[in-house]
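J.: what follows is a predicted structure for the sequence shown.
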Amino acid sequence: MKTSLNEFRQYVAQVGEIDPIMIDVEKAEGIWVWDTSGKKYMDMLSGICVGNIGHRNKRVVEKVKEQLDKYMHIMVYGEFVQSPQLEYAKRLMSVLPSTFNQIFYVNSGSEAIEGAIKTARLYNQRSEIISFKDSYHGSTLGSVSLLSDERYTQKFRPLLPDCRQIEFNNEEDLKKITNKTSCVVAETIQAGAGVILPKNNFLKKLKERCQQVGALLIMDEIQTGFGRTGKLFGFMNYDFVPDILCIAKGMGGGMPIGAFVSSDEIMNKLNNHHPLIGHATTFGGHPISCVAALETLNTIIEENLMDEADAKGEIYRTKLIHPQIKEVRGIGLFNCIELKNKDNWHKALVSCFEEGIITGTHLFNEGCLSIKPPLTITYEEINLSIEKILKALDKL
């Protein structure tokens with residue numbers, strides 16, 4: 001049944017719109033999304049890196065149904081013992097470096113960032129937070145305070161005090177991290193800037209600088225986590241271990257969930273025996289989302305979805321050749337197409353949707369189109385998507 005677009009806009013608060021890509025969704029499975037007219041699309045966004053194991057993964061759906069027959073929400077976070085929270089935590093810790101041994105569940109990436117920076121301030125009793133120019137960490141007031149672009153921050157001022165931004169891959173800027181710095185919040189790969197990879201061991205040098213001055217390094221792996229880069233988490237490609245790890249999006253296999261993870265030494269600072277002094281959430285660690293997250297993690301590991309991520313991504317990076325393309329860059333299945341003429345982004349986006357390709361631009365670099373399909377994409381589907389993308393670019 002077709003949904004009224006006018007009613008949708010009337011009753012559901014909007015944050016932006018491009019009419020030709022307002023798909024009226026009927027169903028989704030694997031890498032495919034169908035609209036109510038029967039047209040199907042290949043999803044090169046994975047719901048912004050949520051659907052790493054594909055839409056409506058059968059293993060996850062089955063576990064969700066099983067948990068629905070037991071219980072859903074019972075009590076606010078941390079007040080009752082719930083086995084789905086424990087089982088996921090134990091499984092995650094088994095595949096993380098040994099310094100990670102406690103998890104705090106939240107509902108989204110923004111909340112994970114908020115909890116992480118609060119934890120850092122509690123831990124070292126400092127106030128300065130450093131982030132990177134052209135990085136995005138969420139839309140809550142704390143995470144917005146980490147943005148450098150005035151277009152996105154000006155209307156919400158005053159923001160959190162003592163927030164500074166430095167340049168990604170600029171080693172000289174690391175000197176701006178001092179003994180006044182509570183934490184540094186960084187993406188492993190800058191997503192909103194257009195998939196900017198770290199160079200010259202930059203992240204390892206960042207961690208070393210944080211250690212020198214006693215600042216905590218918080219890694220935002222909200223988009224790059226859960227196998228997307230060919231490793232379970234992006235930092236595993238770069239020979240360092242962060243102090244706090246923020247996760248969400250691909251964590252739940254399509255269910256809403258997020259978390260931040262750290263050592264018991266750091267996480268125990270949150271436990272002040274009263275949630276208003278530490279951190280609190282009503283729906284964090286929801287049992288339905290936790291069983292979905294556990295089955296998602298098991299699926300990624302047991303089906304070896306990480307193993308072929310880079311080989312699959314390399315096909316896009318080598319076969320996407322077109323006069324309209326300046327560069328295709330990335331790692332694993334976390335890639336983007338940079339257009340030679342960035343002003344063509346709108347035409348390119350609409351043309352892709354016309355050809356049955358769901359993609360999107362990047363917040364700080366609109367001239368880049370996302371190539372981030374589910375890790376479950378087959379080689380045949382990869383080649384088909386490339387054909388469709390090149391045909392869409394032919395129309396520009």
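T.: Ah, there it is. Numbering: from 1, shown residues only.
J.: what strand or helix carries residue 185?
T.: Assigned by DSSP states H and E, residue 185 falls within strand 181-187.
J.: send over that strand as PDB, restricted to the C-alpha atoms.
T.: Listed next in PDB are the C-alpha coordinates belonging to strand 181-187 (Å, rounded to 0.1, in the frame of the first residue of the first chain):
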ATOM      1  CA  THR A 181      43.200  17.600  27.800                       C
ATOM      2  CA  SER A 182      40.700  15.100  29.200                       C
ATOM      3  CA  CYS A 183      40.200  13.200  26.000                       C
ATOM      4  CA  VAL A 184      40.600  13.100  22.300                       C
ATOM      5  CA  VAL A 185      37.600  11.900  20.200                       C
ATOM      6  CA  ALA A 186      38.600  10.500  16.800                       C
ATOM      7  CA  GLU A 187      37.200   8.500  14.000                       C
END
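J.: what is the helix or strand following it packed up against?
T.: Next helix or strand after strand 181-187 toward the C-terminus (DSSP H and E): helix 202-213. Helix 202-213 sits against strand 181-187, strand 216-220, with contacts defined as 3 or more C-beta pairs under 8 Å, 6 or more residues apart in numbering; DSSP states H and E. Quick note: C-beta positions are derived from backbone N, CA and C, even for glycine.
J.: just checking: what are the partner strands of the strand holding residue 185?
T.: Partners of strand 181-187 in the sheet, by DSSP bridges, are strand 128-132 (parallel), strand 216-220 (parallel).
J.: can you tell me how far residue 161 sits from residue 270?
T.: Going from residue 161 to residue 270 by C-beta to C-beta, to the nearest Å gives 22 Å.
J.: select, out of the strands paired with strand 181-187, the one closest to residue 30.
T.: Evaluated over those, closeness to residue 30 peaks at strand 216-220, with 27.6 Å, by C-beta to C-beta.
J.: now do the same end-to-end measure for stretch 129-149.
T.: End-to-end distance of stretch 129-149 (C-alpha to C-alpha, to the nearest Å): 16 Å.
J.: if we can go back for a sec, just say which of the helices and strands packed on helix 202-213 is most tucked in.
T.: Burial of the helices and strands packed on helix 202-213 is given as mean neighbour count (mean count of other C-beta atoms under 10 Å); strand 216-220 ranks first at a mean of 27.
J.: quick check: angle from that strand to helix 202-213?
T.: On the basis of axes from the mean of the first three to the mean of the last three C-alpha atoms, to 10 degrees, strand 216-220 is oriented at 150 degrees to helix 202-213.
J.: who's in contact with strand 216-220?
T.: Residues from elsewhere that reach strand 216-220 (C-beta atoms under 8 Å, 6 or more residues apart in numbering): 109, 113, 116-117, 120, 123-124, 135, 137, 182-188, 206-207, 210, 233-235, 242-246, 260, 266.
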